[in-house]
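J.: Structure here, sequence nowhere to be found:
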């Protein structure tokens, strides 16, 4: 009986100590899934949408149909590559968070953070460097900002769980 009680107490202690880590890694993984979803929408709109990408319907008043076919194909090829890297980053963040961070692997936490931060740090500033094209901020960047907020909250919670002894 004493052994059963101590095992139950130990499990309860582990559950309480592991809640920030478990919830943080879950939020990080959900953000990774959101990155994957954003990339899939980006990819599908390249082939099925009438605009250039999420929240960008025209460029200086021109549609994709108004462009030289070679230029339009080149832009399309860049969009496919961008979508592929967004999706692959999302897969990496999700897997590292779900399988590594939950097991208290600090390298998995650090790798998930670096993968997301490098992608966002390189991609987002271009939206503020020039006023070269008009886009709908809510549909163009809103989903990524929302996923980033969820990711950052998860990163902080998971870090607190990782540093708890």
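T.: Structure received. The structure displayed is predicted, hence computed values, not measured ones. Numbering: from 1, shown residues only.
J.: so where does the spatially most central residue of the chain fall, helix or strand?
T.: In the chain, the centroid-proximal residue (C-alpha atoms, centre = their mean) is residue 35; its distance is 3.4 Å. If you go by DSSP states H and E, residue 35 is part of helix 2-48.
J.: Could you give me the buried positions within the next helix or strand after that helix?
T.: Reading on from helix 2-48 to the C-terminus, the next helix or strand found by DSSP H and E is helix 69-95. For helix 69-95, the buried set under the neighbour-count rule, 16 or more other C-beta atoms under 10 Å, comprises 72, 75, 79, 82-83, 86-87, 89-94. In short, each C-beta sits where N, CA and C put it, glycine included.
J.: before we move on, what about stretch 45-60?
T.: Those would be 45, 46, 49, 51, 52, 53, 54, 55, 56, 57, 59, for stretch 45-60 by 16+ other C-beta under 10 Å.
J.: Can you tell me what sits against it?
T.: 38, 41-42, 63-64, 75-76, 79-80, 83, 133-141, 143 (C-beta atoms under 8 Å, 6 or more residues apart in numbering).
J.: now stretch 151-165
T.: With contacts defined as C-beta under 8 Å, 6+ apart, stretch 151-165 is touched by 17-32, 93, 97, 101, 104, 106, 109, 112-113, 116.
J.: again, only this time at 10 Å
T.: Applying C-beta atoms under 10 Å, 6 or more residues apart in numbering, the contact partners of stretch 151-165 are 16-32, 34-35, 93, 97, 101-102, 104-106, 108-110, 112-113, 116-117, 120, 144.
J.: Just the buried subset of the residues you listed, written out for ChimeraX, thanks.
T.: Here is the ChimeraX command that selects the buried residues among the contacts of stretch 151-165 (16+ other C-beta under 10 Å):
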select :20,21,22,24,25,26,27,28,29,30,31,32,34,35,93,97,101,102,108,109,112,113,116,120,144
